[in-house]
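K.L.:
next comes the sequence, and after it the predicted model I'd like to discuss.
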Amino acid sequence: MHNTLNHYDFVPEIVPRIMSGKLTYKICIKKEHIRTDGTCALYLSVYHIGKRKKLPLNISVKTMHFDEKRQRVKKICKNANDYNLLIEKMLAALNKIEINFRLNNEQITVEKVIEDLLNPTVRICFNAFADRYLEYEKEKQIIMPSTYRQQKSALSKIKAYKNPILFNEIDFQFIKEFRAYMKSTLKNKPATIEGTIKNFKKFYVAAGESGVSLKMKSTKIKVSEMKGDFTFLTPKEINALYHFYNQTYTNKTWKNILKRYLFSCFTGLRISDIETIGPDNFFDDILVFNAQKGGKLIRLKLNETARSLIELPEIFNGDYTREYINRELKLIAKACGIKKRLYYHSSRHTFATNYLMCAGNTVIELQEILQHSKIETTMIYVHVVRKIKDKGLDRMDSIIKNSQ
């Protein structure tokens, strides 16, 4: 009689393995918990230097159908072949992970082993690693919600360019071509390109620090600091928005958005702070709050215009996404005859530039109001204001020229 070949017959006997670094693992059956159908769950037990982790295999068999010595399902079980294939796949993955740790000269831990088992692509795929790393930072509240949204958007752009991106294909040429794609295909401005590259580098550095083998050193990814070119409004343009805000024909949504934007034009507040301040932050003409960026306690005296925009207990009505606000600001600018591409952060640029244009205000004061950690960041506005004043001086020539 011809015997049917069975995969189980070719499986070598495996006892709990002791790997270098005293890592041990074995397939176990949870005999102490018998289900209503008479089966018990199988699980993987991983042990290393006093720490043990259990990982369910989503396999349940009767105790009589499991060979504890060989760590396999006996062939008398109906689904023995399929179950044993799953077990062997898990053990093979474990062996590969342990070898990778050894080849990369990386310290092995139970937590890292389980992480690599559950997410095998994070060590080979940049996008998979970046996704998981960003979610981890969000879950542990390492980054602010606004930072999470910004970096999530950057990751979407990276994936649109190429998905998956393997770590072993990231080199100087890859970064160069990615920059070209953002410039030529997406028509991104230099500041936007550098911001995306900065986010890319963050995840690339984190991967290296997590033990991922990198083809190129992270220091090869250069991020240029963008200076000088930004959008701000002149006093005349601010007045146009303020007049439009006060008109009865301006719809409610635009009024709500303009209220936020104008308040930032006269205080320099970031949108992340606008989103979090409430009635309890106002004390007569003083605004006190913890800045979302940096967490510093800020005390800000409100000027008359800023105070006029706030009617306690109401602060800012309406719930709008940042993307929606930025889209509507462009339409509002058009309706007011302003030929500039407005976005919310331009309100902060508007405040800084006009603050320095007012006589007596200093760059040190502005640095404190804007919460800049480096004076170099604030000096950008000084250079812009200087250019404006230089042009004003050049226009003095018209006094003589027009009289000739």
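P.N.:
Perfect, I can see it now.
K.L.:
pull the number of nearby residues for the closest residue to Glu111 other than its chain neighbours.
P.N.:
Counting by C-beta to C-beta, 6 or more residues apart in numbering, Lys53 is the residue found nearest to Glu111 once chain neighbours are left out, at 7.4 Å. (C-beta placed from N, C-alpha, C; glycine too.) Neighbourhood size, Lys53 [other C-beta atoms under 10 Å]: 17.
K.L.:
after the helix or strand harbouring His349, next one along is what?
P.N.:
Using DSSP states H and E, His349 sits in helix 346-357. Using DSSP H and E, the helix or strand that follows helix 346-357 in sequence is helix 363-370.
K.L.:
quick revisit: tell me the contacts of the residue nearest to Glu111?
P.N.:
By C-beta atoms under 8 Å, 6 or more residues apart in numbering, the residues touching Lys53 are 45-46, 110-111, 113-114.
K.L.:
Ile315 too?
P.N.:
277-279.
K.L.:
can you tell me what sits against stretch 264-274?
P.N.:
Residues contacting stretch 264-274 (C-beta under 8 Å, 6+ apart): 144, 146, 233, 238, 241, 260, 263, 277, 287, 289, 291-293, 300, 302-303, 305-306, 309, 316, 322, 325, 344-345, 347-348, 350-352, 354-355, 369-370.
K.L.:
now Ala291: how far from Arg299?
P.N.:
Noted for Ala291: a distance of 11 Å to Arg299, by C-beta to C-beta, to the nearest Å.
K.L.:
more crowded one of those two?
P.N.:
Comparing Ala291 with Arg299 by other C-beta under 10 Å, the one with more neighbours is Ala291, at 15 against 9.
K.L.:
what's the pLDDT at that one?
P.N.:
For Ala291, the pLDDT comes out at 88.
K.L.:
what residues does it make contact with?
P.N.:
Per C-beta under 8 Å, 6+ apart, neighbours of Ala291: 270, 273, 297-298, 371.
K.L.:
most surrounded residue in these?
P.N.:
Asp273 (22 neighbours).
K.L.:
tell me the secondary structure for it?
P.N.:
helix (DSSP: H, G, I helix; E, B strand; the rest coil).
K.L.:
how far away is it from Met90?
P.N.:
49 Å.
K.L.:
in the protein, which strand has the most residues?
P.N.:
strand 51-61 (DSSP state E).
K.L.:
paired strands for it, with orientation please.
P.N.:
Partners of strand 51-61 in the sheet, by DSSP bridges, are strand 40-48 (antiparallel).
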